[in-house]
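**Student:** Starting from these lines, generate the structure:
(one chain, ligands or ions: 2)
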Amino acid sequence: MSDIRQQIADLGASFFTRRLTFGRTGNISVRASDRILLTPTGASLGSLDPDALSVIDLDGTHVDGPKPSKEGFLHAAVYRSRPGAGAVIHLHSTYSVAVSCLDGLDSAAALPPLTAYYVMRVGRLPLLPYHAPGDSSLRETAEHVARDHHAFLLANHGPVVAGADLAAAADAVEELEETARLFLLLQGHRTRPLTAEQVTALGATR
Ligand SMILES: O=C(CO)COP(=O)(O)O
Ligand SMILES: [Zn+2]
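**Tutor:** Ligands and ions are numbered 1, 2, ... in the order given. So this is what the prediction gives:
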């Protein structure tokens, strides 16, 4: 567990240094059986103390350590719906947040399948309606959506991504951010996303 604590702190610092989140935004968690190790509320991911992480249970109840992230309920909802998920990451990464503020997005798939790696790492990205940060009335929607999707976008807020472990979740949230950037770069350009057949074929190689 102490190794995992260090991994959370190192990943947070890596995100922060690369400006994938900033200030005191974003949160990271790892599941160990029925306990969730989670970043505390109000912490900068750039300077996490591995010995000062919060522990919550799968209901989102605070069990140990400092006061947990206000999005702990969201992390817990994702773990309840995805038994294979070992890590969850939420960031305020700029291009993903920019996309989450656009009008007229397809709420079933906020980004088109622009590249193979987007399909392989993120898949289909639902857009969840705006709620204030920490508003636990998003719990049921998140739990429902997470059954079929390991990544989703919170409107006017940012991405939430799960993975089998921290590395997989980080991979997915980084791919999502770069695809959001591509999507915005391509605004006003005639664009040819992957076809449905190409997306389906990637299922076999994922
Ligand atoms: O990103 C955040 C809220 O959505 C940060 O909140 P916490 O500091 O409580 O984790
Ligand atoms: Zn947030």
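**Student:** you'd agree Val160 is up against Ala85?
**Tutor:** No: at 11.1 Å, Val160 does not count as touching Ala85 under the criterion of C-beta atoms under 8 Å. All C-beta spots, glycine's among them, are computed from the backbone N, C-alpha and C.
**Student:** Mind listing the shared neighbours of those two?
**Tutor:** Residues touching both Val160 and Ala85 (C-beta atoms under 8 Å, 6 or more residues apart in numbering): Val78.
**Student:** more crowded one of those two?
**Tutor:** Val160 (28 against 23; other C-beta atoms under 10 Å).
**Student:** quick one: that one and ligand 1, what's the gap?
**Tutor:** Look at Val160 and ligand 1: by C-beta to the nearest ligand atom, to the nearest Å, they are 9 Å apart.
**Student:** Repeat that for Ile28.
**Tutor:** To ligand 1, Ile28 is 9 Å away according to C-beta to the nearest ligand atom.
**Student:** And what about that residue, helix, strand or coil?
**Tutor:** For Ile28, the assignment made with DSSP: H, G, I helix; E, B strand; the rest coil gives strand.
**Student:** Tell me how many other residues surround it.
**Tutor:** Counted with other C-beta under 10 Å, the neighbours of Ile28 add up to 29.
**Student:** List the contacts of it.
**Tutor:** Contacts for Ile28 (C-beta under 8 Å, 6+ apart) come out as Ile8, Leu11, Gly12, Leu38, Thr39, Leu45, Ala87, Val88, Ile89, His90, Leu166.
**Student:** rerun that using 6 Å as the cut-off
**Tutor:** Neighbouring residues of Ile28 by C-beta atoms under 6 Å, 6 or more residues apart in numbering: Ile8, Gly12, Thr39, Ile89.
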